[in-house]
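**Student:** attaching a predicted model along with its sequence, questions to come.
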Amino acid sequence: MGISSFTQQTTAANQTVATNVRSLVAEYLGVDANRVSDEAQFFNDLGADWLDRLELMIGIEEHFGVEIDDDNIEKLTGVGDLIRFIEAHQQERLR
């Protein structure tokens, strides 16, 4: 398998993660999926409170089989942060 095919597979896998995260964010926060961009902030842009975000993180943990400790929950302030966290966690599993 060449480098280019690995890159394409990684991109497809990352796109799947991003799509799933955006869908879960829209579902848990009760917002229109069109509002959920990588730049969207949970509090300022999507109107989440701390309980909404906590419930979202629990849902993300269950869906992706990851554990997000309290320190990381505080750092994950936007959708893009959450996507990158999940992608990094999945890369660690592959090693």
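**Tutor:** In hand now; what should we look at? Residues are numbered from 1 along each chain as shown.
**Student:** helices or strands next to the host helix or strand of Asp52 in the packing?
**Tutor:** Element membership for Asp52, per DSSP states H and E: helix 50-64. Under the contact criterion of 3 or more C-beta pairs under 8 Å, 6 or more residues apart in numbering; DSSP states H and E, helix 50-64 touches helix 3-29, helix 70-75, helix 79-94. Every residue, glycine included, has its C-beta placed from N, CA and C.
**Student:** buried residues in the second one?
**Tutor:** Of the residues in helix 70-75, those buried by neighbour count under the rule 16 or more other C-beta atoms under 10 Å are Ile73.
**Student:** contact partners of that helix?
**Tutor:** Residues from elsewhere that reach helix 70-75, judged by C-beta atoms under 8 Å, 6 or more residues apart in numbering: Arg53, Leu54, Met57, Asp81, Phe85.
**Student:** gap between it and the chain center?
**Tutor:** Relative to its chain's centre, helix 70-75 lies at 13 Å (C-alpha atoms, centre = their mean, to the nearest Å).
**Student:** coming back round to it: and the helices and strands packed on helix 50-64, which is most packed in?
**Tutor:** helix 79-94 (a mean of 16; mean count of other C-beta atoms under 10 Å).
**Student:** so which residues make contact with it?
**Tutor:** By C-beta under 8 Å, 6+ apart, helix 79-94 touches 13-14, 17-18, 21-22, 25, 36-42, 46, 60, 64, 66, 68, 72, 75-76.
**Student:** where does the chain dip in pLDDT?
**Tutor:** By pLDDT under 70, the weakly predicted segments of the chain are 1-13.
**Student:** do you know how far the residue nearest to Ser37 when sequence neighbours are not counted is from Arg95?
**Tutor:** Leaving out its chain neighbours, the residue that sits closest to Ser37 by C-beta to C-beta, 6 or more residues apart in numbering is Val79, at 6.6 Å. Distance, Val79 to Arg95, by C-beta to C-beta, to the nearest Å: 25 Å.
**Student:** repeat for Asp81
**Tutor:** As judged by C-beta to C-beta, Asp81 and Arg95 stand 22 Å apart.
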